[in-house]
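>>> Make a model of this:
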Amino acid sequence: MTPTPRSVLIVDDDASIRLLLMTFLRRSGFQLRQARNGREALAEMRAGHPDVVVMDLTMPDVSGWEVLRVRAADPSLRDIPVIILTAMNRGQALVDVAGKGVSDVVGKPFDLDILLTAINASLDFAGVPTPLAA
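This is a model prediction of the structure:
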């Protein structure tokens, strides 16, 4: 029996980043959904409860910061692992997101293998089986 692919929600206002991540992660065996901003991300999180969210912090309309705030207040979303992609200094971003339930922070520009490792580690910690990396 083939395990069900794990689902990743990619949230970034930059279409080229979403496309890059969708292409890479699909090849790595994940089911994927995407959102252009925090409003779409929250709707996707509520509709499909992804296994992990990879999200930018600085977006128009509703920011990643607001998604983290809403997620923390909503018991149905609180346990979804979130990995932050940010152009901020990674060390400062780690300090800024401390206590907000973030699994990891990956700096932009990012290395796809490092991001894949962060996703798999977040899924392992949450007890979600991961696909084999391509």
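
>>> can you give me the helices for this structure?
Counting by DSSP state H, the chain has helices at residues 15-27, 38-48, 64-73, 90-97, 112-126.

>>> Can you tell me what sits against the longest one?
The contact list for helix 112-126, computed with C-beta atoms under 8 Å, 6 or more residues apart in numbering, reads 6, 8, 20-21, 24-25, 28, 30, 51-52, 54, 79, 81, 83, 85, 103-104, 106, 129-130, 133. Backbone N, C-alpha and C define where each C-beta goes, glycine included.

>>> For my notes, please list the helices of the chain in TSV and give mean neighbour count, distance to T58 and mean pLDDT for each entry.
As requested, those are arranged in TSV below (neighbours: other C-beta atoms under 10 Å; distance: least, C-beta to C-beta, whole Å; pLDDT from 0 to 100):
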stretch	mean neighbour count	distance to T58	mean pLDDT
helix 15-27	15	12	95
helix 38-48	18	10	96
helix 64-73	18	7	92
helix 90-97	15	11	59
helix 112-126	17	18	88
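
>>> For the residue lying closest to D13 once chain neighbours are set aside, which residues are in contact?
Counting by C-beta to C-beta, 6 or more residues apart in numbering, D13 lies nearest to M59, which is 4.4 Å off, once chain neighbours are set aside. By C-beta under 8 Å, 6+ apart, the contact set of M59 is 11-13, 36-38.

>>> If you rank these by neighbours, which is first?
Neighbour tally across these (other C-beta atoms under 10 Å): the maximum, 30 neighbours, falls on V11.

>>> Distance check, it against R18.
8 Å (C-beta to C-beta, to the nearest Å).

>>> where does the most centrally placed residue in the chain land on pLDDT?
In the chain, the residue lying closest to the centroid (C-alpha atoms, centre = their mean) is V54, at 1.5 Å. V54 is assigned 97 on the pLDDT scale.

>>> Then the one 4 residues further on?
The pLDDT attached to T58 in the predicted structure is 87.
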